[in-house]
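> Provide a 3D model corresponding to the input given below.
(2 chains)
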Amino acid sequence: MPAEGVRGAQVAGGDSPPVDADPVLELRAATVAYERDPVVEGVDGEVAAGQSVALIGPNGAGKSTLIRAVLGLVPLTSGSIRVLGRAPQAARRQVAYVPQADTLDAEFPVSALQVVLMGRYPRIGWVRRPGAADRQAAAAALAQVGLAERASARFGTLSGGQRQRVLLARAIAQEPRLLLLDEPFNGVDALSQDLLLAAMARLRSAGTAVVMATHDLGLAHLACDEVCLLNRHQIGFGPIGTTLTPELLGATYGGHALQLRGDGVIVARP
Amino acid sequence: MNLFQPFTIPYMQRALVEVLVLGALAGAVGVLVVLRRLAFVGDALTHTVFPGVVIAHLLGRSLLAGALAFGVLTAVLLTTLGSHRRVGDDAALAILLTSFFSLGVVLISRTPGFTADLTVFLFGRVLAIDRTDLVQTLAVAAVAAITLAALHKELVLRAFDPQAAAAMGYRTRRLDLALNLLIALVVVAAVEAVGTVLVIALMVVPAAAARLLTDRVAAMTALASLLGAAGGWLGLAVSYEVSVDHDLRLAAGATIVIVLVGLFLLATAVAPLRRRLAARSQVAAAEALR
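Sure, this is the predicted structure:
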């Protein structure tokens, strides 16, 4: 689609928000509850094309639940979530999700390239097999995360960081307009971290919006320009520089936050 | 031992076609059973088709039709009950297995002279299969094979990464139902040949052996089908040879399973060798890149 290319070029050109006013993701007082127990409530915010938001909060804050809600896998009890102006279920083709690599069976008999190819399945459709174009797209995605020469290695034989890169490559092969990642830097080596960050930056400059759950504030600074602070309810949502304040971090983590320097913030946990 | 001579006899020919088709199909479906760790589902299905077989016998209908009805019913109930958050897969399996099997026992206990048929149900009678049985098996196997081919890549995706499959928009519960139905079809197709006790071996043993020998789902599927068919062929030939030439009666179905387990043991012996070779070629590839 040429329209997306134009938008991407504008985003890449500078820090100004994209001209296209319609947000990729729009949350309005979004609340998810399991059997009347709210897991996460009152999340409000917008994510535009090419923008990146870090979901920050302690374990059990509702980060994963919020991601599942954006995927349309858990229903909202109140409020609304719109993805590209549609209900989440209707927008799944435009959304890619990157789970934590260590949740997957390391013994499963698939190669790195086959995992990436799975990202093409929705557009291949039932019955049919991946074609040459799909293989090319998968190989290109794998090259983008620096793993072209490990294409035929079994997924489980790769390092944790490499596996996470394969999963990001699968998302790239989906050609998403919204990318959701759950703790993508957990147990990831420095090289993989750099390659993940670079690949995510490329996606953003092509106009993909990124939402990333993380507990690493340093990486949130590197990867994102906005932040959503969560602890069962939304504590703050806004530009990272003005939102990651000691007060709001204290509210998010229950008073165990500690600020170091002006930019980097380290959270001390009990 | 002669691998071809016994199959000049018509009943042995029918048995051969039956075990080749079943072995290949059960091997292919078994790959998903092994990857999803669903062996117990197959095992439960072998019990839950029992009342269907009894009812079909009482009504004088085809045993396969009765088994099919209860197999499908089990697959549906298992998927719906198992997805209930407070029941879970294992409890759903246990409930279905015991209740359906009890129903079969209650029905059978009211029927005099069913013992002979019960033996058939438990251990199969591959050598007594007639044309109609064979055609029925082939029809069920064809439906299963087509379904498997159509849904294969999605079933593998769901087995590997259920979260991502759901995020991509696949309805994982429907995929689970499809796989449970596939397992049911294999069990039903194989009940008359090898009996309910042994059918699970046909699904799990070749796939488990193939798993030891390869790192690719496609290769594993081809290998499991090949091993399943080869085990069936070899088992029939062995049971014929021993029964006819040495006058020791060896049940064909059981012999097939023993041969399959033999092939599995062979695979466990070969697997470390293969791994060493794979490791060596990886080191060589890494050095070549340098």
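> the strands in the stretch 151-270 of chain A, which residues?
With DSSP state E, counting those that start in this stretch as the criterion, the stretch 151-270 of chain A has strands at A:178-182, A:209-214, A:226-231, A:233-239, A:257-259, A:265-267.
> average model confidence for the longest helix seen in chain A?
Assignment by DSSP state H gives helix A:190-205 as the longest helix of chain A. Across helix A:190-205, pLDDT averages out at 95.
> so can I have JSON lines of the strands of the stretch 151-270 of chain A showing distance to B:L81 and mean pLDDT?
In short, each C-beta sits where N, CA and C put it, glycine included. Formatted as JSON lines, these follow (distance: least, CB to CB, whole Å; pLDDT from 0 to 100):
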{"stretch": "strand A:178-182", "distance to B:L81": "29", "mean pLDDT": "96"}
{"stretch": "strand A:209-214", "distance to B:L81": "33", "mean pLDDT": "95"}
{"stretch": "strand A:226-231", "distance to B:L81": "35", "mean pLDDT": "92"}
{"stretch": "strand A:233-239", "distance to B:L81": "35", "mean pLDDT": "91"}
{"stretch": "strand A:257-259", "distance to B:L81": "46", "mean pLDDT": "53"}
{"stretch": "strand A:265-267", "distance to B:L81": "43", "mean pLDDT": "53"}
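> now those strands as JSON lines including distance to chain B and mean neighbour count?
JSON lines is the format used below for those (distance: least, CB to the nearest CB, whole Å; neighbours: other CB atoms under 10 Å in any protein chain shown):
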{"stretch": "strand A:178-182", "distance to chain B": "8", "mean neighbour count": "24"}
{"stretch": "strand A:209-214", "distance to chain B": "13", "mean neighbour count": "25"}
{"stretch": "strand A:226-231", "distance to chain B": "19", "mean neighbour count": "23"}
{"stretch": "strand A:233-239", "distance to chain B": "23", "mean neighbour count": "17"}
{"stretch": "strand A:257-259", "distance to chain B": "30", "mean neighbour count": "16"}
{"stretch": "strand A:265-267", "distance to chain B": "27", "mean neighbour count": "17"}
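> in the chain, which spans are helices?
If you meant another chain, say so; for now it's chain A. A:2-13, A:63-70, A:112-117, A:121-124, A:132-144, A:160-173, A:190-205, A:217-223, A:240-243, A:246-253.
> actually, chain B is the one I wanted.
Using DSSP H, helices in chain B cover B:10-35, B:39-48, B:50-59, B:63-82, B:89-109, B:115-123, B:131-160, B:162-167, B:172-213, B:217-245, B:252-289.
> A:E149 is nearest to which of these?
Smallest distance to A:E149 across the helices of chain B (CB to CB): 6.3 Å, for helix B:252-289.
> buried ones in that closest one?
Within helix B:252-289, the residues that qualify as buried are B:252-260, B:262-264, B:267, counting by 16 or more other CB atoms under 10 Å in any protein chain shown.
> could you give the angle of it to helix B:172-213?
With axes from the mean of the first three to the mean of the last three CA atoms, to 10 degrees defining the directions, helix B:252-289 sits at 80 degrees from helix B:172-213.
> returning to that earlier point: mean pLDDT lowest for which of the helices of chain B?
What stands lowest among those, in mean pLDDT terms, is helix B:115-123, with a mean of 70.
> can you report how many residues neighbour the residue nearest to B:P162 when sequence neighbours are not counted?
Counting by CB to CB, 6 or more residues apart in numbering or on different chains, B:T172 is the residue found nearest to B:P162 once chain neighbours are left out, at 5.5 Å. The number of residues packed near B:T172 is 16, by other CB atoms under 10 Å in any protein chain shown.
> quick one, what contacts B:T172?
B:R158, B:P162, B:A165, B:A166 (CB atoms under 8 Å, 6 or more residues apart in numbering or on different chains).
> I'd like these laid out as JSON lines, including neighbour count.
Converted to JSON lines, the contacts of B:T172 look like this (neighbours: other CB atoms under 10 Å in any protein chain shown):
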{"residue": "B:R158", "neighbour count": "24"}
{"residue": "B:P162", "neighbour count": "18"}
{"residue": "B:A165", "neighbour count": "23"}
{"residue": "B:A166", "neighbour count": "20"}
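> and which of the residues you listed is nearest to B:A92?
Of all the contacts of B:T172, B:A92 sits closest to B:P162, with 17.5 Å by CB to CB.
> measure the closest residue to chain B within the stretch 151-270 of chain A to A:Q144 for me?
Closest residue of the stretch 151-270 of chain A to chain B, CB to the nearest CB: A:R154 (4.6 Å). In this structure, A:R154 and A:Q144 are 21 Å apart, going by CB to CB, to the nearest Å.
> equivalent analysis for B:L227, please.
Relative to A:Q144, and taking CB to CB, B:L227 is found at 39 Å.
> quick one: which of the two has more around it?
Neighbours per residue (other CB under 10 Å) separate B:L227 from A:Q144, with B:L227 holding more: 27 against 19.
> what about the more buried one, distance to B:R275?
In terms of CB to CB, B:L227 sits 19 Å off from B:R275.
> before we move on, back to that, just give me the neighbour total for the residue lying closest to the residue of the stretch 151-270 of chain A closest to chain B once chain neighbours are set aside.
Leaving aside its sequence neighbours, A:R154 sits nearest to B:D215 (CB to CB, 6+ apart; 4.6 Å). Other residues near B:D215 number 21, with proximity taken as other CB under 10 Å.
> so B:D215 makes contact with A:A153?
No: if you go by CB atoms under 8 Å, B:D215 and A:A153 don't touch, sitting 9.0 Å apart.
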